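Student: This is a predicted model, with the sequence first.
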Amino acid sequence: MATGTASIDRSTPGFFRRLSDGIADIGEITIAWVEAIGDITLFAWQTFLWMVTRLPRRDTLVFAFYQIGVRSLPVVALTGTFIGMVLAVQSYSQFRAFGLETQLGAVINRSMFRELGPVLAATMLAGRVGSSIAAELGTMRVTEQIDALVAMGSNPIRYLVVPRFLACLFMIPSLTIMAVFMGVVGGAFYCTYILGVDSFYYVNNARYADANWDLCYGIFKSVFFGAAIAILSCYRGFHCMPGAEGVGRASTAAFVQSFVVILILDLLLSIALDDLYYFIWPEQTL
């Protein structure tokens with residue numbers, strides 16, 4: 001009996017110590033997340049202020065637009081084409097079982113307009129551009145080039161962040177339109193030429209099923225996606241840890257966090273836009 005009591009006395013302090021350590025770890029993680037969100041918010045606020053106060057030079061903006069927008073078009077177009085074809089392949093058997101294969105155009109187009117187009121373009125932008133921005137700015141932080149800009153009297157946010165932010169903000173709608181267009185073309189090509197769906201009914205059903213609201217729906221969401229990618233990527237680059245490992249971690253964190261934020265924003269914006277649609281046109285159905 002005494003042995004059992006002694007064992008309980010020895011284990012009890014260890015249990016409470018582990019419990020307190022676990023609570024302390026959760027508290028540290030929570031505090032770190034709150035601090036990170038606050039830092040990102042202040043970073044975004046400074047970017048907005050410089051964007052309104054004084055725009056960067058025209059040649060800097062043109063170069064950022066070319067690097068972020070134009071050079072991303074091929075990968076977005078290629079990915080959008082194959083996504084449209086995959087939608088056709090996956091949906092054809094189910095629709096054919098009910099004799100509705102001519103309705104594939106409406107389903108593929110609406111999916112590309114509302115969800116897959118903007119999310120696909122944002123994901124490609126986060127993978128290709130977001131990681132590149134974080135690595136580039138992280139290298140500049142490690143090699144003290146950002147500190148040199150501050151020493152020369154230049155504001156690094158105005159010179160480095162604002163052009164990239166504006167490029168992501170204004171070019172992602174074009175990338176979204178390209179992804180949607182190529183997805184629609186890819187799906188139509190596969191359905192009509194490979195699967196043998198009647199092209200007249202395919203196009204006619206797609207035309208009457210889709211509306212301008214669907215395209216505006218996706219483009220509106222893409223603007224928020226582009227802003228989030230730019231802010232998170234630039235923030236990770238500016239707060240890069242020293243060394244090559246720090247640059248790699250900043251690049252990885254920029255993509256992962258951008259992708260997670262894209263999914264969260266996609267859900268929130270979809271709910272808000274659907275509610276707005278029903279509020280403006282209560283007699284219509286999506």
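Tutor: Thanks, I have the structure now.
Student: In terms of pLDDT, where does Thr192 sit?
Tutor: At Thr192, the model reports a pLDDT of 88.
Student: same check, this time on Phe16
Tutor: Phe16 carries a pLDDT value of 73.
Student: how deep is it tucked in, by neighbour count?
Tutor: 10 (other CB atoms under 10 Å). No exception for glycine: its C-beta is placed from N, CA and C like everyone else's.
Student: Would you map the helices across the stretch 51-200 of the chain?
Tutor: Remark: helices assigned in the stretch 51-200 of the chain by DSSP state H, counting those that start in this stretch are 58-68, 73-97, 104-111, 117-125, 131-142, 145-151, 156, 162-189, 199-209.
Student: and the fifth one, what other elements does it pack with?
Tutor: The contact analysis (3 or more CB pairs under 8 Å, 6 or more residues apart in numbering; DSSP states H and E) places helix 131-142 against helix 212-238, helix 244-280.
Student: Trp50: which of the helices of the stretch 51-200 of the chain is closest?
Tutor: helix 162-189 (5.3 Å; CB to CB).
Student: Please work out which of the helices and strands packed on helix 131-142 is packed deepest.
Tutor: Mean neighbours per residue, mean count of other CB atoms under 10 Å, is largest over the helices and strands packed on helix 131-142 for helix 212-238, with a mean of 23.
Student: next one: that one to chain centre, how far?
Tutor: Relative to its parent chain, helix 212-238 has a centroid offset of 6 Å by CA atoms, centre = their mean, to the nearest Å.
Student: tell me what it is packed against?
Tutor: Packing partners of helix 212-238 (3+ CB pairs under 8 Å, 6+ apart): helix 2-53, helix 117-125, helix 131-142, helix 162-189, helix 244-280.
Student: Next, the angle from it to helix 58-68.
Tutor: Using axes from the mean of the first three to the mean of the last three CA atoms, to 10 degrees, the inter-axis angle of helix 212-238 relative to helix 58-68 is 110 degrees.
Student: and Ile23, how many residues sit next to it?
Tutor: By other CB under 10 Å, the residues close to Ile23 number 10.
Student: Low-confidence stretches in the chain?
Tutor: Scanning the chain for pLDDT under 70 picks out 1-13, 209-211, 281-286.
Student: Out of the helices of the stretch 51-200 of the chain, indicate the one that is most buried.
Tutor: helix 117-125 (a mean of 27).
Student: That one packs against which elements?
Tutor: helix 73-97, helix 162-189, helix 212-238, helix 244-280.
Student: got a list of what the closest residue to Gln46 other than its chain neighbours touches?
Tutor: Nearest residue to Gln46, sequence neighbours excluded (CB to CB, 6 or more residues apart in numbering): Ile157, at 5.3 Å. Counting by CB atoms under 8 Å, 6 or more residues apart in numbering, Ile157 touches 43, 46-47, 50.
Student: With Gly226 as the reference, measure out to Ala106.
Tutor: Applying CB to CB, to the nearest Å, the value for Ala106 to Gly226 is 28 Å.
Student: my bad, should have said Val129
Tutor: Counting by CB to CB, the gap from Val129 to Gly226 is 9 Å.
Student: do Thr41 as well
Tutor: Separation of Thr41 from Gly226 (CB to CB): 18 Å.
Student: And for Val62?
Tutor: Val62 sits 18 Å away from Gly226, going by CB to CB.
Student: Having no further points to raise, I will conclude here.
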